[in-house]
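J.: Structure of the sequence below:
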Amino acid sequence: MRVELRERALTETTFSIRRAARACSRPRRDGPRVPAPVRRQRARARPVDRTTRRRPARSTIVMMAEVPATRRRTPPRWALHALEQGVMGALVWTPVELIALGPMNPGVWWVSVTLFATVGLVIAAAIIVVESVVKRWRLRPWPAAMLRALPTWPVVWVGTRDLFEGAFASTLPGAASAPIWLPVLATVAVAVAWRAVTYFIDPSRLRRHAAALGLLAVAMVVEVANRTVKPSELDDLHALLLVATFALTSLSFRLLRLGSETPAILGPALAVGLSFVLALSHGLATPPQRTQVATQGLHTRLLVHVVHVVFDRDNDGYSPALGGADCDDLDPQRHPGAREIPGNDVDENCDRLIDQREPTPPPPPPPPGLVPPIPDPLPPTRAIRNVVLITVDALRADAMPATTAQRDALPNLAALADRALAFDYAFSPAAGTDLSLATLVSGQIDPFSGVQTTLAESMQIAGLATHAVLPREVLRYAGTALLTRGFDAFDTVINDGKQRDIGSHATSDQTTDDGIAFVTRHQQLATGRGFFLWLHYFDTHEHHEIEADDPQLRSLAGDLNLGNRAERYAATVRLVDAGVGRFLDDLAQRDLVDHTLIVFASDHGESLADDPRLPANHGKVLYNRLIHVPLMFQVPGRAGARVRSSASLIDVTPTVRRLFGRPRLATEDGAALPAVLDPDATAESTPRSIILHESEQRGVILWPYKILRRPAQDVVELFDLSSDFDEHHNLATALPDRVAHMLLELDAAPRVELDRTRAGRRKRERLARRPPPAA
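T.: The predicted model follows:
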């Protein structure tokens with residue numbers, strides 16, 4: 001009993017001492033009692049000791065009531081560090097971009113640095129918001145990782161929403177639903193990676209530094225890939241990779257804890273914001289600055305594009321920010337892509353020119369019972385019974401034999417050029433196969449809005465048997481409906497037998513074999529009819545995909561280095577030369593050359609990494625390396641000659657039709673070439689406009705001048721092709737009257753809706769079907 005009383009007294013004494021100690025350590029309350037929920041919230045806000053994993057005693061925490069008001073308004077130091085590291089993570093890459101931009105231009109450099117720093121601030125702001133939520137909600141590791149990865153979803157969605165609309169990408173499994181599952185998959189992957197990294201590095205400083213260096217290495221790999229892999233295509237994807245590079249660099253700096261001990265970033269951040277606001281209204285104000293960004297910059301061009309999308313208030317696809325050309329961002333009917341309406345004193349297309357011409361009234365309808373007169377056709381050329389159209393995909397004009405060495409390497413094309421009327425200044429209407437071939441077979445500037453009669457249909461009407469040999473990839477993406485209209489039958493050359501859209505083997509021999517087989521069958525039928533045959537050679541288009549050990553390619557390569565892109569391209573031209581030569585030799589053996597019109601052309605040129613303004617292959621822009629093409633007519637009974645006048649692929653159909661005595665169609669925009677029709681004509685008396693369209697540029701050639709306009713960037717370039725055929729000296733500022741005149745010519749021409757997405761190709765196929773016969 002005595003022992004129990006002694007233990008009870010000892011226990012009570014101990015509890016009294018503990019209560020007294022807590023009372024001494026508890027701060028004095030001058031106000032009312034703090035409610036229990038508030039006390040619990042303050043207890044949860046105590047920082048955790050990372051070494052003991054416990055919260056410190058309440059006596060070591062400064063109570064909120066004792067914190068001065070000015071201190072409570074100051075952002076936490078970790079947020080200031082995040083801002084500093086975000087800006088540093090973006091600006092560290094600016095020297096690379098400034099070097100890529102070329103010669104120093106203070107205005108361009110200011111805009112570039114401002115955009116980089118602004119993106120860094122946005123990334124830092126996202127990190128701060130997410131980290132604030134994580135700290136406030138005290139999330140467990142996996143939910144915290146998912147929340148930190150959540151900003152990945154909108155960025156990946158924007159960057160990949162059009163990724164699977166391309167020719168090859170749309171054929172991949174899951175392409176239709178990729179905008180849904182790909183951002184989700186990327187977000188989950190980032191969350192898993194985040195959790196793995198945090199588990200690995202905590203709490204070792206050495207591991208944290210190793211992880212930071214690993215992130216920095218990944219950022220460098222992404223940056224190199226972003227600049228080297230198809231830099232002129234997939235702009236949204238490249239913008240996504242740019243943001244990824246900045247974010248990875250910022251996170252690596254965060255793990256390394258780089259930055260000042262007491263960051264003073266609020267002032268610089270405010271300066272960056274002010275600089276961005278000024279850049280929106282005053283940046284890239286001069287045409288040379290916009291031209292430099294559009295033709296040389298990569299990351300700056302991408303960020304300018306992002307700004308144009310974000311600051312497009314009327315959703316017409318154009319913006320006035322950063323030198324954009326939208327002259328009225330509240331009116332969706334006025335933008336650089338709008339059609340100029342003559343005579344209404346309104347500048348619809350924002351080119352600072354008002355077309356004062358009166359609108360052309362429609363022709364009056366003919367009186368009832370009368371048919372409008374049809375222009376008298378030329379008498380048909382009696383010597384021509386057959387037509388052979390030979391087109392070569394992606395064959396540049398300067399790849400044709402000119403020097404002695406080239407003539408030795410390409411003897412068949414050289415011999416054809418000697419026998420034919422060869423145009424020195426022939427141009428394709430576009431830098432892509434779809435519009436170029438559609439224009440060739442229709443004679444229309446805009447063949448995608450409907451074609452009444454194709455070249456093959458005209459030959460059918462003239463009584464010829466018609467046949468075509470076309471690659472499967474061309475039919476797939478340039479359109480089967482229009483290209484095959486009017487042909488009795490056609491052969492499909494399988495150029496991508498191993499993998500879809502990858503032409504790993506040469507097909508020139510097969511194209512020639514199919515052409516010879518048709519001529520053989522036609523002669524065996526002995527119907528007495530002539531024939532129209534179209535052969536399209538494709539090896540030059542696939543020069544970067546044909547395997548180096550391909551037997552046909554290796555047999556003709558000779559001393560060419562197939563590891564060099566330009567020399568491999570030259571080797572594929574030799575493949576075409578051999579195939580064309582074998583076919584023409586077969587015609588000669590059958591005694592058909594003297595009665596056959598042979599037309600030789602290319603649909604567009606090709607980029608061989610010899611001009612930084614050009615894309616990886618072709619398309620998008622309209623510089624001469626992509627649209628200057630060979631064009632030759634071997635007319636029976638006519639000697640060969642060089643023709644110095646300008647011509648276009650749009651003139652092929654009208655010229656052939658006139659040679660067969662067919663009248664001019666009302667829908668034709670091309671013209672029959674006088675040098676082909678008239679033996680005494682060597683040049684056109686009056687130069688005419690050649691209209692050009694591509695996804696990023698529109699243009700017109702009115703010899704010897706050529707004007708190119710980038711509507712989105714408000715960039716206009718004028719070149720004198722007689723003295724500057726490589727287009728290095730922009731005369732737009734020096735010759736404003738010439739610019740105004742040619743822009744009016746461009747405005748008056750039909751507009752082409754050049755949509756190369758999957759939906760755009762389906763729409764073209766519907767419109768290209770043969771129109772129903774008139775009632």
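
J.: Pick out the residue closest to the middle of the chain.
T.: A centroid search over the chain (C-alpha atoms, centre = their mean) returns Glu233, at 3.6 Å, as the residue closest to the centre.

J.: Leu533 falls within a helix, correct?
T.: No. Counting by DSSP: H, G, I helix; E, B strand; the rest coil, Leu533 falls outside a helix, being strand.

J.: so it makes contact with Val388?
T.: Yes. The criterion here is C-beta atoms under 8 Å, and Leu533 meets it with Val388 at 5.1 Å. C-beta here means a position set from N, CA and C on the backbone, and glycine is covered the same way.

J.: Can you name the element that comes right after the helix-or-strand element of the chain with minimal mean pLDDT?
T.: Here the helix or strand of the chain ranked lowest by mean pLDDT, DSSP states H and E is helix 69-73, holding a mean of 50. Downstream of helix 69-73, the first helix or strand assigned by DSSP states H and E is helix 77-91.

J.: just checking, what packs against the helix or strand that comes right after that next one?
T.: Going down the chain from helix 77-91, the next helix or strand is helix 94-100, by DSSP H and E. Packing partners of helix 94-100 (3 or more C-beta pairs under 8 Å, 6 or more residues apart in numbering; DSSP states H and E): helix 106-137, helix 205-228, helix 299-310.

J.: what about the ones you listed, which gets the closest to Gly283?
T.: When those are compared by C-beta to C-beta, helix 106-137 sits nearest Gly283, at 4.3 Å.

J.: How many residues are close by the closest residue to Ala79 other than its chain neighbours?
T.: Nearest residue to Ala79, sequence neighbours excluded (C-beta to C-beta, 6 or more residues apart in numbering): Ile128, at 4.9 Å. For Ile128, the count of nearby residues is 19 (other C-beta atoms under 10 Å).

J.: got a list of what Ile128 touches?
T.: Taking C-beta atoms under 8 Å, 6 or more residues apart in numbering, we find Ile128 in contact with 79, 82-83.

J.: same question, Ala269
T.: Counting by C-beta under 8 Å, 6+ apart, Ala269 touches 83, 87, 121.

J.: Swap in 10 Å and give it another go.
T.: Residues in contact with Ala269 (C-beta atoms under 10 Å, 6 or more residues apart in numbering) are 80, 83-84, 86-87, 117-118, 120-121, 124-125.

J.: Pick out the most distant pair among those.
T.: Leu80 and Thr118 (17.9 Å).

J.: Which of the contacts of Ile128 sits closest to Pro612?
T.: Nearest to Pro612 among those, counting by C-beta to C-beta, is Leu83 at 35.3 Å.

J.: contacting residues around that closest one?
T.: Taking C-beta under 10 Å, 6+ apart, we find Leu83 in contact with 75, 120-121, 123-125, 127-128, 250, 259, 263, 265-266, 268-269, 272.

J.: Quick check: which of the residues you listed has the minimum pLDDT.
T.: Ranked by pLDDT, these bottom out at Gly259, which scores 69.

J.: Hmm, Thr391 is touching Phe600, no?
T.: Yes. Thr391 is in contact with Phe600 according to C-beta atoms under 10 Å; the separation is 7.9 Å.

J.: Can you pull the residues that touch both of the two?
T.: Here Thr391 and Phe600 share the contacting residues Leu535, scored by C-beta under 10 Å, 6+ apart.

J.: Between Leu533 and Val388, tell me which one has more neighbours.
T.: Taking other C-beta under 10 Å, Leu533 and Val388 do not tie; Leu533 has more neighbours (25 against 22).

J.: how about the strands in this structure?
T.: With strands called from DSSP state E, the chain shows them at 386-392, 421-427, 465-471, 489-493, 531-537, 596-602, 628-629, 631-634, 641-648, 690-693, 698-702, 705-710, 715-720.

J.: coming back round to it: ok, of the contacts of Ala269, which one's closest to Glu717?
T.: Thr118 (29.0 Å).

J.: Hmm, the closest one is touching Val272, no?
T.: Yes. Counting by C-beta under 10 Å, Thr118 touches Val272, with 6.1 Å between them.

J.: what touches both of those two?
T.: Common contact partners of Thr118 and Val272 (C-beta under 10 Å, 6+ apart): 87, 90.

J.: do you know how far Ile384 is from Thr596?
T.: With the distance defined as C-beta to C-beta, to the nearest Å, Ile384 ends up 7 Å from Thr596.

J.: Could you list the domains of the protein?
T.: 77-285, 386-678 (automatic domain parsing).

J.: So for the closest residue to Thr527 other than its chain neighbours, what's the pLDDT?
T.: Leaving aside its chain neighbours, Thr527 sits nearest to Ala465 (7.3 Å; criterion: C-beta to C-beta, 6+ apart). Model confidence at Ala465, given as pLDDT, is 94.

J.: What count of nearby residues applies to Ala465?
T.: Neighbours of Ala465 using other C-beta under 10 Å come to 20.

J.: List the residues that contact the residue nearest to Glu348 when sequence neighbours are not counted.
T.: Closest residue to Glu348 apart from its sequence neighbours, by C-beta to C-beta, 6+ apart: Ala338 at 4.3 Å. Counting by C-beta under 10 Å, 6+ apart, Ala338 touches 316, 318, 327, 331-332, 346-351, 711, 747, 751.

J.: run the last query once more with 8 Å
T.: Contacts of Ala338 (C-beta under 8 Å, 6+ apart): 348-350.

J.: got the CA positions of stretch 434-451 in PDB?
T.: Extracted in PDB, the C-alpha atoms of stretch 434-451 (Å, rounded to 0.1, in the frame of the first residue of the first chain):
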ATOM      1  CA  ASP A 434      -0.500  17.100-105.400                       C
ATOM      2  CA  LEU A 435      -1.100  20.600-106.800                       C
ATOM      3  CA  SER A 436       1.600  20.400-109.500                       C
ATOM      4  CA  LEU A 437       0.300  17.200-111.200                       C
ATOM      5  CA  ALA A 438      -3.300  18.300-110.700                       C
ATOM      6  CA  THR A 439      -2.500  21.600-112.400                       C
ATOM      7  CA  LEU A 440      -0.600  19.800-115.200                       C
ATOM      8  CA  VAL A 441      -3.500  17.500-116.100                       C
ATOM      9  CA  SER A 442      -6.200  20.200-115.800                       C
ATOM     10  CA  GLY A 443      -4.600  23.400-117.000                       C
ATOM     11  CA  GLN A 444      -6.300  25.200-114.100                       C
ATOM     12  CA  ILE A 445      -4.700  27.400-111.300                       C
ATOM     13  CA  ASP A 446      -7.100  25.800-108.800                       C
ATOM     14  CA  PRO A 447      -7.800  22.200-109.800                       C
ATOM     15  CA  PHE A 448      -9.100  21.300-106.400                       C
ATOM     16  CA  SER A 449     -12.400  23.200-106.800                       C
ATOM     17  CA  GLY A 450     -13.500  21.000-109.700                       C
ATOM     18  CA  VAL A 451     -12.200  20.100-113.200                       C
END
